[in-house]
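*Asks:* Got a predicted structure here, sequence first:
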Amino acid sequence: MPSEGGVCVLAEQRGGQLQEVSLELVSEGRKLADKLGEQLSAVVVGSDIAELAQPLIHLGANKVWLLDSPLLATYCPEFYTDALAHLIETNRPTIVLSGDTAIGQDLAPRLAARLKTGLVTECTALSLDEEGLVVLTKPSYGGKASSIVVCPKARPQMATVKPGIMDTGTPDPSLTAEVVKLTPECSSELKTKVVDFIKADPKTISLSEAESIVAGGGGTGSTENWRLIEELAEALGASVAASRVAVDARWAGSDRQVGQTGKTVNPKLYIACGISGAIQHTMGMKDAKMIIAINKDRNAPIFKLADVSIVGDLMEIVPAIIQRLRELTKSSQDSQGVA
Ligand SMILES: Cc1cc2nc3c(=O)[nH]c(=O)nc-3n(C[C@H](O)[C@H](O)[C@H](O)COP(=O)(O)OP(=O)(O)OC[C@H]3O[C@@H](n4cnc5c(N)ncnc54)[C@H](O)[C@@H]3O)c2cc1C
């Protein structure tokens, strides 16, 4: 079997939409492939997915494999593993990257076991050492330390990478690449069947998985006022988080605490309401993509980190945002004719 080598990204789609982490990984994979002087390929598994090749090519994939079959329309652990293991064994990339999503967390370990190789999960940074081995950084001890791992012997070197950490890069529509469509056959009798996908409830989802977070701190002032933090989160479909002062005041449970003795989070949006920005808090949320801070003290340290700084009383600002969000939701429902 010829060895193609190179970097391969398992590009995840759901309902015909590429997950953003897949675009992030193609951009990152492009950088690794360039440094190695090798090819970058991407694989999409699903049904009727031809149009998903283009965005991956525009971000630098040299080749896109489409494993396209009606039987692959929704995630099926055994069939996806069979189809991808066969493709990887045939083409033998040296590095395989997957998003650390619910599907990636299930699929990548199955694949690694099938391919008899190692897997590093929840990676937050990728680089190459002088021998061209991929150096994988992942948080340990709840984000309080980092582990740096290489896989010197087994191939491919496999990793799942946390969503939202890397840039999606700038697409170049002039790029072209080979697209290969394959229709894998389901060889074995499937023992599992996915019956339904239920979207996680932001109220109960683990904070480390949350895409958007509204966090309240000591400035919230009372249990009664805390309701505003919850209402803003609800209006945005976000999860609620808290500083330690808010947890100590019992406005939120300890599982909602962000920071040194709480959770490390990396959402796309973090709204800090009445949080001073003490280092013990910010070390848990500094990697959020967009930080909006509301604080009545213009010198509050949180503003040094914020992308958007709102100086003022959260008791006035938060209700105004909630009202505006409700108006926007209502007018969008009205325009869609929702009763
Ligand atoms: C070992 C150790 C570990 C720790 N671990 C953590 C941790 O994991 N997480 C954590 O969060 N903290 C942690 N802390 C505590 C940390 O040092 C801070 O005390 C804490 O983060 C402060 O919380 P806060 O900013 O919400 O409250 P405060 O310090 O009380 O600040 C409240 C802020 O709200 C503003 N404010 C007040 N009223 C309003 C209003 N009406 N509108 C707008 N703004 C207003 C104020 O200007 C102020 O900036 C730890 C401390 C230690 C020593």
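*Replies:* Great, that's in hand.

*Asks:* Contacts only, for residue 110.
*Replies:* With Cβ atoms under 8 Å, 6 or more residues apart in numbering as the criterion, the residues that contact residue 110 are 77, 81. Every C-beta, even on glycine, is put in place using the N, C-alpha and C of the backbone.

*Asks:* quick one: what helix or strand has it in it?
*Replies:* helix 102-115 (DSSP states H and E).

*Asks:* The longest helix along the chain close to the ligand?
*Replies:* Longest helix in the chain by number of residues, with DSSP state H as the criterion: helix 314-335. Yes - judged by Cβ under 6 Å from any ligand atom, helix 314-335 comes into contact with the ligand at 314, 315.

*Asks:* now that helix: how far from the chain's centre is it?
*Replies:* 27 Å (Cα atoms, centre = their mean, to the nearest Å).

*Asks:* who in the stretch 151-300 of the chain is up against the ligand?
*Replies:* Counting by Cβ under 6 Å from any ligand atom, the stretch 151-300 of the chain comes close to the ligand at 217-219, 243-246, 257-262, 274-276, 278, 280-281, 284, 294-297, 300.

*Asks:* where exactly do the strands run in the stretch 1-150 of the chain?
*Replies:* Counting by DSSP state E, counting those that start in this stretch, the stretch 1-150 of the chain has these strands, from start to end: 7-11, 13-14, 17-18, 40-46, 63-68, 95-99, 119-123, 125-128, 134-140, 145-149.

*Asks:* how far is the third one from where the chain is centred?
*Replies:* Mean C-alpha position of strand 17-18 versus that of the full chain (Cα atoms, centre = their mean) differs by 13 Å.

*Asks:* So in that sheet, which strands flank it, and in what orientation?
*Replies:* strand 13-14 (antiparallel) (DSSP bridges).

*Asks:* Residue 305 touches residue 286, doesn't it?
*Replies:* Yes - using Cβ atoms under 8 Å, residue 305 is in contact with residue 286, at 6.0 Å.

*Asks:* Not counting sequence-adjacent ones, nearest residue to the residue nearest in space to the middle of the chain?
*Replies:* Against the mean C-alpha coordinate of the chain, by Cα atoms, centre = their mean, the closest residue is residue 163 at 2.0 Å. Leaving aside its sequence neighbours, residue 163 sits nearest to residue 21 (Cβ to Cβ, 6 or more residues apart in numbering; 3.8 Å).

*Asks:* That concludes my questions; thank you for your assistance.
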